[in-house]
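Q: the following block contains a protein sequence and its predicted model.
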Amino acid sequence: MSNRFTRYWNLHKIPILLALLSAVFYYVFAYHLDRSDFIKLITLFAALFFICLRLVRFEKFNLKFLAIVGVIFRLLFIMAEPNLSQDFYRFVWDGHLVSQFVSPYLLSPDSLMQQGVQTIPNSEVLHNGMGELSAQHFSNYPPLNQLFFAIAALIGGQSLFASVLVMRLSIILFDLGILYFGRKLLKNLNRSPHLIFWYFLNPLVIIELTGNLHFEGVMLFFFVLALYLISTKKWLFSTVPYAFSIGIKLVPLMFLPLFWKQFGIKKSVIFYLLTGLITVSLFLPFFSPELVPNYSKTVGLWFSNFEFNAGIYNAIKYIAVQMDAKPWELIKTYGKITQVATIVVILLFSFFRSNEKLPVLVSSMMWVLTFYYFITPTVHPWYIIFLVVLSLFTEYRFPIIWSAAATLSYFAYSNADFQENLWLLAVEYISVLGFMVYEFVKLGKLKLIFRNN
């Protein structure tokens, strides 16, 4: 045993030491970081990204080591309170409502507090913690996501920490599911299985999903499972996990038109019909005459009211303000243009790419989502995680660069008024665009994305 350990140590001592150092950094991030300390935050992120890069490259043939390390990094957050996002307060609030058969789409937290709500444990803590912006609006989280919130609230009961722990363990389990089915999908697409660790060991993934309890990982599990089933010719069964992915986050909805070439007309009709029926059925427990207008209004805020870490929008806004435009009017007009532009791009990729091939279909999804994130006014860093997963099944790696560069947007947390630094955002987007152009040249694809590969 001693000789075996010594031999393993001699072969892998540098990755082991790097993993131990990374574990220390994650511990500091989880328990000894205030998000207002931008220098400490960005330094830790930079170190963790560098070590991730080294670990994957050193141990790409030792997948068991990488998997164990990824799990350990996540478990380090078990006792931590999310420190980059207060969204978890809203998750628990919604969970208590749903567990009591009250729809979070009908009453805002502000209105419930004004009514003197007595049925939500820790109501004042949750209401104050979620922030004014969240408290004044109906919930925007889809119904299956609400189920996870309700389970956490039921198990947690009076304990906010217990509810957080249930959500965290759920997210870790679904990340393991992504690791499992992601590897199988990579093999089916004749790609190296080690590529899944650009997701599993990505610091943004670990910190924002396990650490800060965003449910992108749960959505991505169902999404990857659906793609895996399609890759094994079980497209009919894929409708269930695909609808579930929409039931966690609405983003996969925008990819539905891309499938018609993959399946052909007859199968596409069945795919759309089943996916639609399952998705609608998830909303049925919350049905009321006010559901559609309330939910549509809340989701629409992301197009017309909110802005964070924007790319093209910030550039247009800067120019428009110099010409005496009013920002609050500009974003409403820009939001409408964004919706139209996104639909046009989706249709272009649906009709002019060979999406019959699954790798091309995934590539089309990546480009559609990339375009949307470049033009939308709100791009929270954890949104980029979807792009990271899609990129693993293509030849492009700029989303991984973006997952690192997006952390520059955390500078806003260092200001009481959340004022962004446009220079840092410029560095973020220029670095992503620069690497994207580099990959076009390197891969010999400067003819751009309508080539069918």
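A: Received, thanks. Numbering: from 1, shown residues only.

Q: just the CA trace of the least confident helix or strand in the chain by mean pLDDT, in CSV.
A: For the chain, using mean pLDDT, DSSP states H and E, the weakest element among its helices and strands is helix 291-304, scoring a mean of 79. Extracted as CSV, the C-alpha positions of helix 291-304 are listed here (Å, rounded to 0.1, in the frame of the first residue of the first chain):
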residue,chain,number,x,y,z
LEU,A,291,-51.0,33.8,-14.1
VAL,A,292,-50.2,34.6,-17.8
PRO,A,293,-50.3,38.5,-17.5
ASN,A,294,-48.4,38.5,-14.2
TYR,A,295,-45.7,36.1,-15.3
SER,A,296,-45.3,37.7,-18.7
LYS,A,297,-44.9,41.1,-17.1
THR,A,298,-42.3,39.9,-14.7
VAL,A,299,-40.2,38.1,-17.4
GLY,A,300,-40.5,41.2,-19.6
LEU,A,301,-38.7,43.2,-17.0
TRP,A,302,-35.4,41.5,-18.1
PHE,A,303,-35.9,43.1,-21.6
SER,A,304,-37.1,46.5,-20.6
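
Q: next secondary structure after it?
A: helix 312-322 (DSSP states H and E).

Q: which secondary structure elements does that next one contact?
A: Packing partners of helix 312-322 (3 or more CB pairs under 8 Å, 6 or more residues apart in numbering; DSSP states H and E): helix 327-352, helix 358-375, helix 422-442. The way it works is simple: take the backbone N, C-alpha and C, and place the C-beta from them, glycine included.

Q: where does the chain have low pLDDT?
A: 1, 302-304, 324, 328, 444-453 (pLDDT under 70).

Q: outline the domain layout of it.
A: Under the assignment automatic domain parsing, the domains of the chain span 1-76, 79-291, 307-453.

Q: ok, and which of those domains has the densest surroundings?
A: domain 79-291 (a mean of 19; mean count of other CB atoms under 10 Å).

Q: thinking again about what came up before, let's have the domains of the chain in JSON lines, adding distance to K297.
A: Listed next are the domains of the chain as JSON lines, based on distance: least, CB to CB, whole Å:
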{"stretch": "domain 1-76", "distance to K297": "30"}
{"stretch": "domain 79-291", "distance to K297": "7"}
{"stretch": "domain 307-453", "distance to K297": "13"}
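
Q: circling back: is it possible to get CSV of the helices and strands packed on helix 312-322 that adds distance to F138?
A: Shown next, in CSV, are the helices and strands packed on helix 312-322 (distance: least, CB to CB, whole Å):
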stretch, distance to F138
helix 327-352, 18
helix 358-375, 23
helix 422-442, 30
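
Q: those helices: which one's closest to Y396?
A: helix 422-442 (5.5 Å; CB to CB).

Q: my read is S139 is in a strand, agree?
A: No: read with DSSP: H, G, I helix; E, B strand; the rest coil, S139 is coil and lies in no strand.

Q: how near is it to N294?
A: Distance, S139 to N294, by CB to CB, to the nearest Å: 9 Å.

Q: what do the two both touch?
A: Here S139 and N294 have Y105 as joint contacts, going by CB atoms under 8 Å, 6 or more residues apart in numbering.

Q: coming back round to it: of the helices and strands packed on helix 312-322, which is nearest S163?
A: Closest among these, using CB to CB: helix 358-375, at 30.6 Å.

Q: related to what we said a few turns ago, tell me what the least confident helix or strand of the chain is packed against?
A: helix 327-352.

Q: hang on, Y313 packs against Y334?
A: Yes: taking CB atoms under 8 Å as the definition, Y313 is a contact partner of Y334 at 6.1 Å.

Q: which residues do the two both contact?
A: P377.

Q: show me what contacts the nearest residue to Q136 once chain neighbours are set aside?
A: Closest residue in space to Q136, ignoring its immediate chain neighbours: D110 at 4.9 Å, by CB to CB, 6 or more residues apart in numbering. Residues near D110 by CB under 8 Å, 6+ apart: 127, 135-136.

Q: equivalent analysis for N314, please.
A: 422, 425.

Q: likewise I248?
A: I248 touches 142, 144-145, 148, 215, 218-219, 222, counting by CB under 8 Å, 6+ apart.
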